[in-house]
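*Asks:* Predicted model, plus sequence, below.
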Protein chains: 2
Amino acid sequence: MSLRHAILGLLERQPSTGYELARRFDLSLATAWHASHSQIYPELSKLEAAGLVEVVARGARQSKTYALTESGRDELRRWLVEETPDRSQRNEGALRLFLGQLLDPGDRQAVFERDLDYIEEQTEQLRALQSVLEPGEPFAAQVDLGLRINAVLAAWLAEQVEQPGPDGEHDGRGPAR
Amino acid sequence: MSLRHAILGLLERQPSTGYELARRFDLSLATAWHASHSQIYPELSKLEAAGLVEVVARGARQSKTYALTESGRDELRRWLVEETPDRSQRNEGALRLFLGQLLDPGDRQAVFERDLDYIEEQTEQLRALQSVLEPGEPFAAQVDLGLRINAVLAAWLAEQVEQPGPDGEHDGRGPAR
DNA sequence: GTTGACATGTAACAAGTTACATGATTGA
DNA sequence: TCAATCATGTAACTTGTTACATGTCAAC
């Protein structure tokens, strides 16, 4: 279960409330993991029961700020260093790039242009983020990686859209319109 | 639910048994989607009940070969062209790259070297696949994209391993050994 | 004959989503 | 005071995993 370690990692960077974690999942961690509050709150309770996190502050509106305990830090390191990563993938975007090849040229071009728009939008956001970060910040390296991958994706999509592609002599058996 | 459309896409390329689909999920679709036979068989039944696939051959060992029906092809195209992609991510590898920055330099180097080994191994497999494919084959473009992304990842990981990194002056609050 | 790959299924459990539900505080 | 945001939780459902269970066929 990676949700647990995603939460531990976010709390290691910065103690947070469940509500703040939910936002951080969609900001700093958006390209790596997603979780909604209905998953986060029960998991925080379990982590607290297991002694991996603790409430370090209570603020207005019944808010509870959690931080890692020593054993939480140990568990995070153990997971990162000792546990074999799960490399299995489930990525709808990648699936669509793969299956897009089955479409006839007109549909494929429309679909890939939509993807390209999305990549360009995401690239702008990463650039905005980059300009705010200090260059020494560890997180800056991740932003840089994201930008490099986006550049590769954008170039590939542009190539797919330009060329009629190998499906140009479409045979009518594909999922054409 | 993308499993449904992943299956439709695989069957559009090549009619298959459930057993063959399970293998193809871990071969051609490995970088985009994963599914095990215990998920595939029930979904094939549902797809057949919905009239999106049909049994086109029965072979030895009670095997059933499925293929798309006309409405299966329509549904696949509709999903690809009309439905808004779910861009939310859940990628343990990316999460680990992100959280790896929290480790002290020694641990981080070990972890990133392990990742680099994995990328290089996967790159070799892609190259082997590439040498087998005809250049016109639509699937060749996907293999090419995979190789380009791997090259970016490998370069980034090599940089992270070479430099002691911004965490060189580790402050003892991270998940150090 | 027995091992290994082919082939299909179900059951119990874990993980994740969507909808429901409530309340506090801030600023206009 | 009213709307938006902050803040936390639960319930019902869907999706995905692991383990259980069975049987066929080919090659050695």
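*Replies:* The structure has been received and is ready for your questions.
*Asks:* for chain A, what's the longest helix?
*Replies:* Longest helix in chain A by number of residues (criterion: DSSP state H): helix A:105-132.
*Asks:* what about the following helix or strand past that one, average pLDDT?
*Replies:* Counting by DSSP states H and E, the next helix or strand C-terminal to helix A:105-132 is helix A:138-162. When pLDDT is averaged over helix A:138-162, the result is 93.
*Asks:* Show residues contacting helix A:138-162.
*Replies:* Contact with helix A:138-162 is made by A:28, A:31, A:100, A:108-109, A:112-113, A:115-116, A:119-120, A:122-123, A:126-127, A:129-130, A:133-134, B:97-98, B:101-102, B:141, B:144-145, B:148-149, B:152-153, B:155-156, B:160, B:165-167, as judged by Cβ atoms under 8 Å, 6 or more residues apart in numbering or on different chains. Quick note: C-beta positions are derived from backbone N, CA and C, even for glycine.
*Asks:* same thing but at 6 Å, please
*Replies:* For helix A:138-162, the surrounding residues in contact (Cβ atoms under 6 Å, 6 or more residues apart in numbering or on different chains) are A:31, A:109, A:112-113, A:115-116, A:119, A:123, A:126, A:129-130, A:133, B:98, B:101, B:145, B:148-149, B:152, B:156, B:166.
*Asks:* could you check the angle helix A:105-132 makes with that helix?
*Replies:* Using axes from the mean of the first three to the mean of the last three Cα atoms, to 10 degrees, the inter-axis angle of helix A:138-162 relative to helix A:105-132 is 160 degrees.
*Asks:* For B:Leu157, see how far away the residue nearest to the spatial centre of chain A is.
*Replies:* Centroid-nearest residue in chain A: A:Thr31, 2.0 Å away (criterion: Cα atoms, centre = their mean). Look at A:Thr31 and B:Leu157: by Cβ to Cβ, to the nearest Å, they are 16 Å apart.
*Asks:* how many neighbours does A:Leu116 have?
*Replies:* 17 (other Cβ atoms under 10 Å in any protein chain shown).
*Asks:* where in chain A is pLDDT low?
*Replies:* A:163-177 (pLDDT under 70).
*Asks:* thinking again about what came up before, counting contacts, what elements does the longest helix of chain A pack onto?
*Replies:* Using 3 or more Cβ pairs under 6 Å, 6 or more residues apart in numbering or on different chains; DSSP states H and E, the elements in contact with helix A:105-132 are helix A:138-162, helix B:70-82.
*Asks:* Give the buried residues for that helix.
*Replies:* When burial is assessed from 16 or more other Cβ atoms under 10 Å in any protein chain shown, helix A:105-132 yields the following buried residues: A:105, A:107-109, A:111-112, A:115-116, A:118-119, A:122-123, A:126, A:129.
*Asks:* Put together TSV for those residues, with distance to DNA strand D on each row.
*Replies:* Output for the buried residues of helix A:105-132, formatted as TSV (distance: Cβ to the nearest atom of the strand, whole Å):
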residue	distance to DNA strand D
A:Pro105	30
A:Asp107	24
A:Arg108	25
A:Gln109	28
A:Val111	21
A:Phe112	24
A:Asp115	20
A:Leu116	26
A:Tyr118	21
A:Ile119	23
A:Gln122	22
A:Thr123	25
A:Leu126	22
A:Leu129	18
